[in-house]
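A.B. asks: quick one, structure for this:
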Amino acid sequence: MTLWNVSLWALVLDQVSKAAIVRYCRLEESIPLIQNFFYFTYILNSGAAFGFMSNTQSAVRIPFFVTITIGAGLIVYAYQRFIPSEQTWTRFALGLIWGGAMGNFIDRVIHGRVIDFIDVRYYQHQWYVFNVADSCITVGLTILILGYWFGKSGTPAERV
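C.D. replies: Modelled structure (predicted):
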């Protein structure tokens, strides 16, 4: 599977899940799927991870995030050109990162904010609400970091 296939699947899964949440949930509605642990909570996040820049004016915030996303996209595109095709885990990870970034990019351009809905809790302790795109980016970065960390010592079968 190529980087572009992975990106497309990540993007489609992200956008379809967000469309379903918007269609079937009310803003700020929280639906328990597993009581005290896993909920669907529909929110609009004007910031980035952990609410970064959420209180910044949209005239500054939106162009900032669009510029950062385009820059990161260009870096991923340039980087992947130098990766041999047999390094499938690296390509897979970059595909997840690219697809996730594009999913949130689309939200910022269309809505000015990102649709988040995955809400993980442990009773009264709550993590930040996130989405499929955020998950793809996190998993992709984790694969890259673990690949670089273990790849140099020869632990994984494939060097990243």
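A.B. asks: return the list of helices and strands in contact with the helix or strand where residue 147 lies.
C.D. replies: Per DSSP states H and E: residue 147 is located in helix 132-151. Judged by 3 or more C-beta pairs under 8 Å, 6 or more residues apart in numbering; DSSP states H and E, helix 132-151 is in contact with helix 3-24, helix 88-111, strand 114-122. (Each C-beta comes from the backbone N, C-alpha and C, glycine too.)
A.B. asks: out of the ones you listed, nearest to residue 77?
C.D. replies: Distance to residue 77, taken as C-beta to C-beta, is lowest for helix 88-111 among the helices and strands packed on helix 132-151, at 7.8 Å.
A.B. asks: any idea how far residue 116 lies from residue 20?
C.D. replies: Applying C-beta to C-beta, to the nearest Å, the value for residue 116 to residue 20 is 14 Å.
A.B. asks: for residue 148, same thing?
C.D. replies: Separation of residue 148 from residue 20 (C-beta to C-beta): 35 Å.
A.B. asks: shaky segments in the protein?
C.D. replies: Confidence mapping of the chain against pLDDT under 70 gives the ranges 1, 47-55, 152-160.
A.B. asks: rerun at 90
C.D. replies: 1-4, 45-88, 108-109, 111-113, 123-128, 147-160 (pLDDT under 90).
A.B. asks: still on that earlier bit, neighbour count: residue 116 and residue 20, which is higher?
C.D. replies: Neighbours per residue (other C-beta atoms under 10 Å) separate residue 116 from residue 20, with residue 116 holding more: 22 against 12.
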